[in-house]
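Asks: Coordinates for the following, if possible.
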Amino acid sequence: MKRKILYILTTAVIATTAFFVGKNFTEQPTQPETKAPELMEMTVENGGLYLEYTDGKNFFTHWIPSEDLENAGLINTTNIIDWNTDGTELSVMTENDYEYYAYKSANIYQNRAFVPVESVVKK
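Replies: Model prediction:
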């Protein structure tokens, strides 16, 4: 009986030791370190937008044509030929005959530093 207990205990110790040794000495898979790209230069040209960026090791360039920018809702202010507003709506017309509208949904700007002239000037 003592031999059986000793045999089971020895087997458990060997198995536990093998588990921890194998866990500590094997190479763990690591995920590659990813870094967000850093924008180095952005140039607006007649035909669109030219971007240069890096991830720390490599350099990349990307060209976005004007049509793609306007389809995404990004407007080059040099292309604006007409605009109009009534206080609640802003309409903008570009060279490419696109017309954009913006609507005021809420007054989010509060002039806390604004002091009316009547309260400053004594009559």
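
Asks: List the buried residues of the top helix by length along the chain.
Replies: Secondary structure of the chain read by DSSP state H shows that its longest helix is helix 2-25. Buried positions in helix 2-25, judged by neighbour count with 16 or more other Cβ atoms under 10 Å: none. The way it works is simple: take the backbone N, C-alpha and C, and place the C-beta from them, glycine included.

Asks: Roughly how far does the residue nearest to residue 104 when sequence neighbours are not counted sit from residue 75?
Replies: Excluding its sequence neighbours, the residue lying closest to residue 104 (Cβ to Cβ, 6 or more residues apart in numbering) is residue 88, at 4.7 Å. Look at residue 88 and residue 75: by Cβ to Cβ, to the nearest Å, they are 20 Å apart.

Asks: The two: who's more crowded?
Replies: Remark: of residue 88 and residue 75, residue 75 carries more neighbours, 15 against 9, as counted by other Cβ atoms under 10 Å.

Asks: quick one, what contacts the more buried one?
Replies: Taking Cβ atoms under 8 Å, 6 or more residues apart in numbering, we find residue 75 in contact with 69, 92, 94, 100.

Asks: Out of those, which sit inside strands?
Replies: 92, 94, 100 (DSSP state E).

Asks: and the last one, what are its bridge partners?
Replies: When assigned by DSSP bridges, residue 100 has beta-bridge partners residue 92.

Asks: ok, it to residue 79 distance?
Replies: Residue 100 is 11 Å from residue 79, by Cβ to Cβ.

Asks: if I look at the residue nearest to residue 104, how far off is residue 80?
Replies: When residue 88 is compared with residue 80 (using Cβ to Cβ), they lie 20 Å apart.

Asks: now residue 69
Replies: Remark: distance between residue 69 and residue 80 (Cβ to Cβ) = 13 Å.
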